[in-house]
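1. Any chance you can model this:
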Amino acid sequence: MDRAVIDTRGYTCPIPLAMVSRKMNGMDEGESAVIISDDAGFRRELEIWCAETGNAFLEHSIEGGVLRVTIGKGAGFRQEGAIGRIKFILLGVRLHVRKAVLSIVPIKKIRYLITFVSIPEGLRADRWLDSQGKRGHVALPVPSEITRRCGVVLGFSGREEAKRTYRLLMDNKFAPEDVYVMEDRGGLSKLMIE
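-> Residues are numbered from 1 along each chain as shown. Below is the predicted model of the structure:
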């Protein structure tokens, strides 16, 4: 079986991590990918990302200043220990209840979703935006049309607000992946960010 190759050379943080996350989201459990980077420090970011997402950091090498890392698609994020698992389950319950409440009593119609490279990254962005007084978003579970794995997205009612927030997060070294538009007839499409 051919391994996917993700060449991140020439890109700076957080774009390489978003490239890896996008590609891995489309893979099946057990498949693997080789990540190529010209940033030797990216190895540590990939190790942390794998721990946060339930993917496997399999091996790495550096030759001629080029980092090669092999990552295996895992079963998804798993919290360690009983307390960690309980917190993770409660987070999922909270996000799904919020989604259900918004579908019944729409305080505002959510049309735009920002995805993240990991659950912890999405939660960190949510907390940071709140701390900056940016409260025009709502944390929700990632729709199954985006990924079959657990995840968190930030939902927005306005297109420009979602685009501005995406850029703000990128500028502040967060790792958002994409912005999706929830279509009127159902389904999702990616919004291109200039």
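2. What are the boundaries of the helices in the chain?
-> 15-25, 42-53, 81-104, 119-131, 159-171 (DSSP state H).
3. which residues sit against the first one?
-> Applying Cβ atoms under 8 Å, 6 or more residues apart in numbering, the external contacts of helix 15-25 come out as 4, 6, 8, 11, 33, 35, 37, 39, 42, 45-46, 49, 53, 55, 71, 73, 116-118, 146-147, 149, 175-178. Where you see a C-beta, it was placed from the backbone N, CA and C, and this is true even at glycine.
4. Give me the outermost residue of this protein relative to its centroid.
-> Distance to the chain centre peaks in the chain at residue 64, reaching 30.6 Å (criterion: Cα atoms, centre = their mean).
5. can I have the one helix or strand in the chain whose mean pLDDT sits lowest written out in CSV, keeping just the CAs?
-> Across the helices and strands of the chain, mean pLDDT, DSSP states H and E gives its lowest value to helix 81-104, namely a mean of 72. The C-alpha coordinates for helix 81-104 follow below in CSV (Å, rounded to 0.1, in the frame of the first residue of the first chain):
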residue,chain,number,x,y,z
GLY,A,81,-7.4,7.8,33.4
ALA,A,82,-11.0,7.7,34.8
ILE,A,83,-11.1,11.4,35.6
GLY,A,84,-9.8,12.3,32.2
ARG,A,85,-12.4,10.0,30.4
ILE,A,86,-15.2,11.5,32.5
LYS,A,87,-14.2,15.0,31.6
PHE,A,88,-14.0,14.1,28.0
ILE,A,89,-17.4,12.5,28.0
LEU,A,90,-18.9,15.5,29.8
LEU,A,91,-17.3,17.8,27.2
GLY,A,92,-19.0,15.8,24.5
VAL,A,93,-22.3,15.9,26.3
ARG,A,94,-22.1,19.7,26.8
LEU,A,95,-21.3,20.3,23.1
HIS,A,96,-24.1,18.0,21.9
VAL,A,97,-26.6,19.5,24.3
ARG,A,98,-25.6,23.0,23.1
LYS,A,99,-26.1,21.9,19.5
ALA,A,100,-29.6,20.4,20.3
VAL,A,101,-30.7,23.6,22.2
LEU,A,102,-29.6,25.7,19.2
SER,A,103,-31.6,23.6,16.8
ILE,A,104,-34.7,23.9,19.0
